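Trainee: Model the following, please.
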Amino acid sequence: MTTQMNNIRTPKIELEYEKEVLDVARVSRTVAGGRRFSFRTTIAIGNKNGKVGVGVDKGKDVAQSIDKSYRAAEKKVINVSREDGTIAAEVIGHFKSARVLLKPAKKGTGLIAGGAVRALCNLAGIENISAKILSRSNNKLNIARATLDAFNKLKRFSLDTNKAIIAPKADSRSASLGLEKTLENKETVKTITTEKLKESKTAPKKAENKEQKDIKS
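Mentor: Below is the predicted model of the structure:
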């Protein structure tokens, strides 16, 4: 019976998201008895259909840290808005010292990106994009989180609404009214400034006249 039980293979659990390890670091913690070493793993997950996330966690070995960071990333999955395999608008993501620029690209361009940005774009299902890391930061976790910040900013845009970003041309009547108002405002400012200058010039003369009257009296 024991041999039969040992021969039975447990079925592999299919993961909902694909994963890619961004960084593995050996870290230590100082305690009373000495140092305790562990591994910290940064992992990116995605389903290549608009969902992506980043997780970080520690473990006694690399495999344990990967499993824990995968579970942490599942809790922080976000939706990425895509249009025809690219993004809707140009955005810049920030996280601490990391800054990432994402630009939409035409079909056939591919992923012009590197490192954590490329991994996240690939896992999000973006096929054509041009990206650049604007900061000097080499921290892969900060760069990944800056990329997620850029993805969050994309929720405001879509290819249909992107045209509305450019302000429509004003009518000739509204433009003329606006010019008249600005000219009136300028004229009022000029009159106020000239009156203040006159008052500032006449103020010392009045003070001198008062002093002379006081001396004579």
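Trainee: Output the below-cut-off pLDDT ranges for the protein.
Mentor: For the chain, the stretches with pLDDT under 70 are 1-14, 158-217.
Trainee: which residues of it fall in helices?
Mentor: 2-7, 62-74, 115-124, 140-153, 172-216 (DSSP state H).
Trainee: Give me the distance between the two termini of stretch 71-80.
Mentor: Using CA to CA, to the nearest Å, the gap from the first to the last residue of stretch 71-80 comes to 20 Å.
Trainee: Name the residues of it that are buried.
Mentor: By neighbour count on 16 or more other CB atoms under 10 Å, the buried set for stretch 71-80 is 72-73, 77, 80. All C-beta atoms are positioned from the backbone trio N, CA, C, and that covers glycine.
Trainee: could you dump those to a markdown table with distance to residue 15?
Mentor: A markdown table is the format used below for the buried residues of stretch 71-80 (distance: CB to CB, whole Å):
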| residue | distance to residue 15 |
| --- | --- |
| 72 | 14 |
| 73 | 11 |
| 77 | 13 |
| 80 | 19 |
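Trainee: hmm, which two among those are most spread apart?
Mentor: Farthest pair in these (CB to CB) is 72 and 80. Separation: 18.9 Å.
Trainee: Contacts only, for the residue lying closest to residue 104 once chain neighbours are set aside.
Mentor: Computed as CB to CB, 6 or more residues apart in numbering, the closest residue to residue 104 that is not its neighbour in sequence is residue 86, at 4.5 Å. Residue 86 sits next to 104-107, 126-129 when contact means CB atoms under 8 Å, 6 or more residues apart in numbering.
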